[in-house]
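>>> 3D model of this:
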Amino acid sequence: MTPVQPSATGERRQLQLSGLVGQINRWLEDLQQATTPGFRVSFQLATPPAAASPDERSWVVHYLLQATDDPSLLVPAEQVWQEASSTLTLLNRRLPQPQERLLSGLAKAARLFCPARTDPARGVSE
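Here you go, the predicted structure:
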């Protein structure tokens, strides 16, 4: 008896299905994080100082984590990176894995807005 060989078409379909499964899993992860109470990634755009010379007039994007139930509660990315423990505590709130949450949010933003992937030399800070 001759073994059945997979066809090229079957292999392509398998690859397409694998890709689709990966996309669905990422979508489900995003959905779960969006509905999980706590913090989300936030961006603040800082205007350049009016007194600055034209060469120094760069807009700056600040990366933050923002409480989902209190938009005024913001944690700068710098503070997140300096956190030595796996849980960030701020005003009686606990945020497990703050660095992972920040990275995950930034990765999502980069998928939606390609310039978010650019280097800091283009005016993106923190």
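>>> rest of the way, CA atoms for contacts and neighbours
OK.
>>> Identify the single longest helix in the chain, thanks.
helix 8-35 (DSSP state H).
>>> Enumerate the positions of the helix or strand following it that are buried.
Remark: after helix 8-35, the chain's next helix or strand is strand 39-46, criterion DSSP states H and E. Going by neighbour count (16 or more other Cα atoms under 10 Å), the buried part of strand 39-46 is 39-42.
>>> Tell me the one of those residues nearest Arg111?
Closest approach to Arg111 among the buried residues of strand 39-46 (Cα to Cα): Val41, at 13.9 Å.
>>> returning to that earlier point: I'd like a version of the buried residues of strand 39-46 in a markdown table, one that adds pLDDT as further columns.
Below are the buried residues of strand 39-46 laid out as a markdown table (pLDDT from 0 to 100):
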| residue | pLDDT |
| --- | --- |
| Phe39 | 87 |
| Arg40 | 88 |
| Val41 | 90 |
| Ser42 | 92 |
